[in-house]
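A.B. asks: Provided below for reference: sequence and predicted model.
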Amino acid sequence: MDEFLTYKKATEILSAAAGRSLGGMINKYKYLKEMSYNTYTKLYENLVCPVMDYSSAIWGTKTFNCMEDVHKRAIRFFTGVHRLSPIPGYIGDMGWISNGIRWKLDMVRLWNRLINTTNDRLVKKTFLYDINAHVSSNKSNFSSQVKQICCDVGLKDCFTNKSNIDLTTVRNALFNNYSREWLNSTRNMSKLEVYRDIKTEFRVEKYLQLNISKYEKSLLSQLRYGILPLRIETGRYVNEKREDRICTLCNMNQIEDQLHFVFHCTMYNDNRDELYRKARMSIPMWDNLSDSDKLCKLFEELPRNLGKYVKNSFMLRRRTIFN
Ligand SMILES: [Zn+2]
């Protein structure tokens, strides 16, 4: 805590330390060349989170940009996207719970510990004083923050009765609230137009869990978040009107967006034949599905084949445009 009684200084120091831990973790990844989702998540939870979570039971309801930056950087590295990628995209695909949820759970754990401490302990007396200060004078303090968490998750009685708060109930309720906010945040981002159609649930995506090369994983992420440098995206850099961002690689006169790239552009017919052959074998009613349903199914059922298609087609596109 600094001279202004805020936690800014402490969280800046903690986030810098967490950033260094993350750097060490990323170096391990680079050294090993590939790392599974589970290993990466385990390392993050054991090397980076404990640093960020230090004493979060005290300030857990606050948000600090420096801490959020570490969290986002860790996810961006794994999904293989740049810092200007739409945040709800990569956050939703990774499926990690937010810093805020972890910290609020830490506060609830501390509350439970204090409730179960005997009344003759000094820490318990201070705790009861804290509750009383909030109840009688409406002071904003630790108790008021725990009360707010209880109200948010429908467990206000636990605060009123000074009883144990069930951690699983809190976790599930906070997660549901967070998922709803995340879904809303995807709504107004034009880059996430396709993403919205293929993703409705906050959970880790299969293509990130499979042993797919880092480059292919990155291309698949870019495709999902609308940042694969197709003309629909590169046109934004030069303020080209959306309807003018036509594909120059075929004669179809269609906007070169993700769906055109995967399903229509005649430039990649050979690659597509292979992908469709596999899709017809494993996805029922393949030919009757809409483009976005097809893309959704490919990510769910055939992420490896889709990764191969996107890599080969994107390389062909690059060779054609730049040679
Ligand atoms: Zn085309």
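C.D. replies: Happy to help now that I have it.
A.B. asks: Identify the residue nearest the geometric centre of the protein.
C.D. replies: With the centre of the chain defined as its mean C-alpha position, the nearest residue by CA atoms, centre = their mean is residue 91, 1.2 Å away.
A.B. asks: Can you tell me the element it falls in?
C.D. replies: helix 87-94 (DSSP states H and E).
A.B. asks: The residue nearest to the centre of the chain and the ion, how far apart?
C.D. replies: When distances are taken as CB to the ion, to the nearest Å, residue 91 and the ion turn out to be 31 Å apart. In short, each C-beta sits where N, CA and C put it, glycine included.
A.B. asks: same deal with residue 217?
C.D. replies: Residue 217 sits 24 Å away from the ion, taking CB to the ion as the criterion.
A.B. asks: quick check: angle from the helix or strand containing that residue to helix 87-94?
C.D. replies: Using DSSP H and E, the secondary-structure element containing residue 217 is helix 214-224. Direction vectors for helix 214-224 and helix 87-94, defined by axes from the mean of the first three to the mean of the last three CA atoms, to 10 degrees, enclose an angle of 130 degrees.
A.B. asks: which outside residues touch the helix or strand just after helix 214-224?
C.D. replies: Helices and strands here follow DSSP H and E; after helix 214-224, the next one along the chain is helix 231-237. By CB atoms under 8 Å, 6 or more residues apart in numbering, the surrounding residues in contact with helix 231-237 are 191, 226-227, 240-242, 244-248, 255-258.
A.B. asks: got it, and stretch 171-191?
C.D. replies: Residues from elsewhere that reach stretch 171-191, judged by CB under 8 Å, 6+ apart: 86-89, 91-92, 97-98, 100-101, 104-105, 149, 152-155, 192, 195-196, 199-202, 225-227, 233.
A.B. asks: now for the helix holding residue 91, which elements pack on it?
C.D. replies: Other helices and strands packing on helix 87-94, by 3 or more CB pairs under 8 Å, 6 or more residues apart in numbering; DSSP states H and E, are helix 65-79, helix 167-187, helix 214-224.
A.B. asks: As JSON lines, those with mean pLDDT would be great.
C.D. replies: Below are the helices and strands packed on helix 87-94 laid out as JSON lines (pLDDT from 0 to 100):
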{"stretch": "helix 65-79", "mean pLDDT": "96"}
{"stretch": "helix 167-187", "mean pLDDT": "95"}
{"stretch": "helix 214-224", "mean pLDDT": "97"}
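A.B. asks: Of those helices, which stretch is the most buried?
C.D. replies: helix 214-224 (a mean of 22; mean count of other CB atoms under 10 Å).
A.B. asks: Name the SS class of the residue of the stretch 51-200 of the chain found nearest the ion, please.
C.D. replies: For the stretch 51-200 of the chain, the residue closest to the ion is residue 194, as judged by CB to the ion, at 16.1 Å. When states are read from DSSP: H, G, I helix; E, B strand; the rest coil, the local structure at residue 194 comes out as helix.
A.B. asks: how about stretch 298-310: buried residues?
C.D. replies: Judged by neighbour count using 16 or more other CB atoms under 10 Å, the buried positions of stretch 298-310 are 298-299, 302-310.
A.B. asks: Next to the ion, which bits of the stretch 201-323 of the chain? Give me the list.
C.D. replies: 247, 249-250, 265 (CB under 5 Å from the ion).
A.B. asks: about what we covered before: what's the closest of the contacts of helix 231-237 to the ion?
C.D. replies: Proximity of those to the ion (CB to the ion) peaks at residue 247, which lies at 3.1 Å.
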